[in-house]
Each structure stands twice: as C-alpha cells, then as structure tokens.
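Q: what's the 3D shape of this:
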Amino acid sequence: MANKRVGILTGGGDVPGLNSVIKAVVYRGAELDLEVTGIRLGWQGLTHVNFEDPRSVARYILPLNRANTRTIDRTGGTFLHTSRTNPAKMKSLPDHLAGKSFPFTEVTKNGVTSKVYDITSQVLKNLETLRLDALIAIGGDDTLSYAARLDKEGFPVICIPKTMDNDVRNTEYCIGFSTAITRAVDAIERQRTTVGSHERIGIFRVFGRDAGHTALYTAYVTSIRCVIPEYKVNLEKLIDLIVSDKRSNPSNYSLVVLSEGAEWEGYKVKEYGEPDAYGHRKKMSVGEDLSEEIKRRTGEETVVSDLTYDLRGGSPDFVDKLVATTFANMALDALSEGKHGIMTAIVNGCYALSAIPDPKLGPRKVDVAAMYNTERYRPNYAAKLGFPIFLARA
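A: Reported below is the predicted structural model:
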C-alpha cells in the first residue's frame with residue numbers, strides 16, 4: 001500500500017459514525033504510507049469538480065491528514081459533507097460540462113420530455129486526474145449501487161454500509177443504526193411524562209421507507225406496539241390494541257412507533273415533491289394519518305412526534321464508533337490484499353467481507369416470521385437462541 005492514493009466519500013443521508021470511519025482510514029493510512037484524499041459532497045464531488053477552477057477544486061477535493069481529522073470523530077454528521085447525487089442519472093450537466101456529449105435517456109412526465117445523463121465517463125476521468133488507486137465509498141443502498149457500477153467499470157472500490165434504516169443487504173449491521181435506536185428510545189422515554197400527564201396516546205414516526213428495522217428495534221427495547229412496512233396491519237385491530245393498552249395502564253396512556261413507510265389494510269402512505277436522484281419521493285406523515293383515524297374512531301386525544309431527523313444528530317454511541325472504526329480498518333486490509341468490489345459487513349454476528357448488494361434486489365427487509373408478532377403488532381421476543389447479536393441474518 002506504500003505510496004498509494006485512496007479517495008474516500010460519504011453519500012446519502014448523514015448518520016453518526018461517519019467521521020469515525022474517515023479518521024480511522026486517515027490514521028491507519030498514515031501508518032501504511034497511504035495518501036488519503038477526501039471527496040466532498042459524495043458523488044457530487046466527482047461530477048461537479050472542475051480542475052481548471054481552483055475554487056471548484058477547493059470545494060470538492062480535500063487532502064486528509066492527521067491534523068485535519070484529529071477531532072472529527074467526536075461529533076456526528078460527516079466531515080466531508082454529503083449529497084444524493086447519482087452520476088448515472090443527472091437531470092442536468094454541471095456548467096463546465098455543458099455542450100459535452102454524454103449518454104442519456106429521455107424521460108417524459110406530465111407531457112414534458114427531459115434528458116437524464118450518465119456521466120460515468122467524466123467520473124472516471126476525474127478519478128484519473130486525482131491519481132487515485134482506489135476509492136472507499138460509505139453509504140446506503142443508493143450510494144453503494146453506484147459504487148458497484150464504478151467497480152464494474154474497472155475502478156477499484158471498497159464499500160462501507162451506513163444507514164439508520166439498517167436495510168443494506170449482505171450485512172446485519174450498518175453504521176448509524178445503534179445511535180438511531182438510542183436517540184429514538186431517549187426521545188420516547190422523555191415524552192412518556194408528557195403523554196402520561198395528559199393521558200393521551202403517543203404516536204412516534206421514525207425512518208424506514210422500505211424496511212421496519214428502526215421502528216421494530218425501538219419497540220423491542222421500549223416494549224411498545226409498532227407498525228412496519230413489511231406487514232400491513234388491520235387498522236381497527238391496531239386501534240383496539242392501542243386503546244386497550246391505554247385503559248389497562250395505571251397512568252392511562254399508551255405508545256406506538258411507526259416506520260415512515262408503514263401502512264395498514266386499505267391505506268397507502270402519501271408522497272410529495274419531486275423524486276431524488278435515485279427515484280425516491282418524500283413521504284407524508286403516517287403518524288398524523290393514524291392520529292386522525294384514532295380521534296375519528298375513538299375520540300381519544302393523541303400526541304404525534306416525528307423523530308426522523310432528530311435521530312441523525314449528535315455524536316455516535318459506542319457501537320457505532322466500534323463498528324465504524326473496525327469497518328475502516330477492514331477496508332484498508334482488503335485494499336492491501338488487492339481486493340475490491342466488496343463491502344465490509346457483519347454476517348452471523350461476525351465481521352466479514354460481502355458482495356456489494358445488487359440494487360435490483362432492493363433493501364433488506366425485516367424477517368416478519370422471526371421478528372414480528374402479527375397478532376399483537378409488536379416485536380417477537382421468543383426463540384432467539386442462536387441468533388446473531390442484531391437478531392437478523394444477512
């Protein structure tokens with residue numbers, strides 16, 4: 001690895017623990033005589049950088065060393081910043097690339113036809129200009145899907161999974177998940193006093209567009225009801241359970257946590273806004289919709305809390321610092337052994353190297369049979385002997 005140059009970037013939503021990865025790569029890299037270059041704003045750094053403009057280079061390219069990464073692991077977010085850029089599906093070209101020819105597809109919406117460009121050739125050219133030998137890409141399904149594309153194009157990439165949803169395939173754990181659960185549990189426990197004081201029903205919405213791991217594990221450790229995207233509950237039964245919990249509670253309150261993508265029979269979460277670079281639209285609050293149904297059917301008052309973005313903030317907990325630091329060192333070990341096109345992972349409770357997930361397979365879902373009680377709409381606590389520590393197999 002001596003005299004090699006490695007790039008590192010973070011893409012998609014930020015989570016606590018990203019800075020621990022970056023610092024660990026830089027510090028271990030220094031021991032290996034490895035030069036580390038930070039790519040700012042995720043894939044945008046490799047699509048928008050203009051090497052003929054010093055201001056553009058300063059914005060998107062950041063040489064990393066022990067001095068400028070010494071304290072970054074003490075805070076959350078990402079030192080390199082992030083974006084949801086997809087170089088294979090650019091709605092418009094950066095100004096300095098205007099007029100150049102790139103492959104494109106035509107997309108028609110509301111009678112208007114527009115072009116979507118694939119500027120992977122420019123990304124590869126920029127990597128060559130930076131004289132990088134490999135790239136470490138940290139992200140969720142979307143970021144890693146393009147990383148896999150880049151590796152197939154011939155540029156060596158190692159992936160590190162991160163997402164509060166914990167839904168990346170081929171791994172049982174993604175950086176950010178433990179801290180997200182810790183944040184959600186703290187918020188729910190704090191709000192018990194208010195919900196209980198007013199004798200209401202507390203409804204909490206957390207991340208989980210396609211998979212319910214965050215809601216399920218929050219419910220698992222707080223002993224409350226939960227609704228996840230993998231199973232459409234019966235609304236009348238759900239409300240009966242929630243109200244029954246309230247009436248049997250000496251403090252006359254009850255709690256439920258829902259994934260943002262949770263639905264019930266006959267109901268679909270509403271979406272709004274334009275799709276992002278990976279085709280995702282924002283979802284309206286299922287918590288508010290459940291609240292309206294409870295009020296209409298029972299007259300019970302509710303308190304609705306959207307915990308989504310609050311879970312991203314602050315420094316990582318012990319688990320995320322541990323996994324982040326270990327994943328970083330695993331990535332460098334893999335590169336030193338000439339490996340690429342793979343992802344650091346936890347499999348059967350052990351650290352491992354896995355294949356980068358095939359984006360066509362979609363996110364890793366909750367195993368409903370093993371983890372969700374479809375009669376009581378809460379986590380299944382039984383029969384966990386022999387399960388890995390995070391209670392789900394890759």
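
Q: which residues touch Asp358?
A: By CB atoms under 8 Å, 6 or more residues apart in numbering, the contact set of Asp358 is 148, 169. Where C-beta positions appear, they are placed from N, C-alpha and C, glycine not excepted.

Q: ditto for Pro87
A: 43, 46-47, 118-120, 122-123, 146.

Q: so Ile342 bridges to which residues?
A: Counting by DSSP bridges, Ile342 is bridged to Ile158, Ala355.

Q: for it, give its distance to Ala24.
A: 18 Å (CB to CB, to the nearest Å).

Q: and for Thr194?
A: With CB to CB as the criterion, Thr194 and Ala24 are 40 Å apart.

Q: who's more crowded, the two?
A: Ala24 (22 against 13; other CB atoms under 10 Å).

Q: any idea how far Gly76 is from that one?
A: Taken as CB to CB, the span from Ala24 to Gly76 is 16 Å.

Q: do the same with Leu391
A: Taking CB to CB, one finds Leu391 at 25 Å from Gly76.

Q: one step back: among the contacts of Pro87, which lie within helices?
A: 46-47, 120, 122-123, 146 (DSSP state H).

Q: can I get the residues you listed in a markdown table including pLDDT and distance to Pro229?
A: Shown next, in a markdown table, are the ones in helices among the contacts of Pro87 (pLDDT from 0 to 100; distance: CB to CB, whole Å):
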| residue | pLDDT | distance to Pro229 |
| --- | --- | --- |
| Leu46 | 97 | 32 |
| Thr47 | 97 | 31 |
| Thr120 | 97 | 32 |
| Gln122 | 97 | 36 |
| Val123 | 98 | 33 |
| Tyr146 | 95 | 24 |
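
Q: looking at those, spot the one nearest Glu263.
A: Tyr146 (28.9 Å; CB to CB).

Q: confirm for me that that closest one is in contact with Met90.
A: No - Tyr146 lies out of contact with Met90 (CB atoms under 8 Å); the separation is 11.5 Å.

Q: hang on, the earlier thing: highest neighbour count among the ones in helices among the contacts of Pro87?
A: Of those, with other CB under 10 Å as the count, Leu46 tops at 29 neighbours.

Q: OK, contacts around that residue?
A: 9, 39, 60, 87, 123, 126-127.

Q: let me see the contact set for the closest residue to it other than its chain neighbours.
A: Spatial nearest neighbour of Leu46, excluding adjacent residues (CB to CB, 6 or more residues apart in numbering): Val123 at 4.6 Å. Contact partners of Val123, counting by CB under 8 Å, 6+ apart, are 43, 46-47, 87, 150.

Q: all strands for the stretch 201-350 of the chain, in order.
A: Ranges of strands within the stretch 201-350 of the chain are 201-206, 225-227, 254-259, 271-272, 282-283, 302-306, 342-347, 350-355, based on DSSP state E, counting those that start in this stretch.

Q: got TSV for those strands, with mean neighbour count too?
A: Listed next are these as TSV, based on neighbours: other CB atoms under 10 Å:
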stretch	mean neighbour count
strand 201-206	26
strand 225-227	27
strand 254-259	28
strand 271-272	10
strand 282-283	16
strand 302-306	19
strand 342-347	23
strand 350-355	15
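
Q: can you pull out the strands in the stretch 51-200 of the chain?
A: 61-64, 104-109, 112-117, 134-139, 157-161.

Q: out of these, which comes closest to Glu189?
A: strand 157-161 (28.3 Å).

Q: other SSEs contacting that closest one?
A: With contacts taken as 3 or more CB pairs under 8 Å, 6 or more residues apart in numbering; DSSP states H and E, strand 157-161 sits against strand 134-139, helix 141-152, helix 318-336, strand 342-347.
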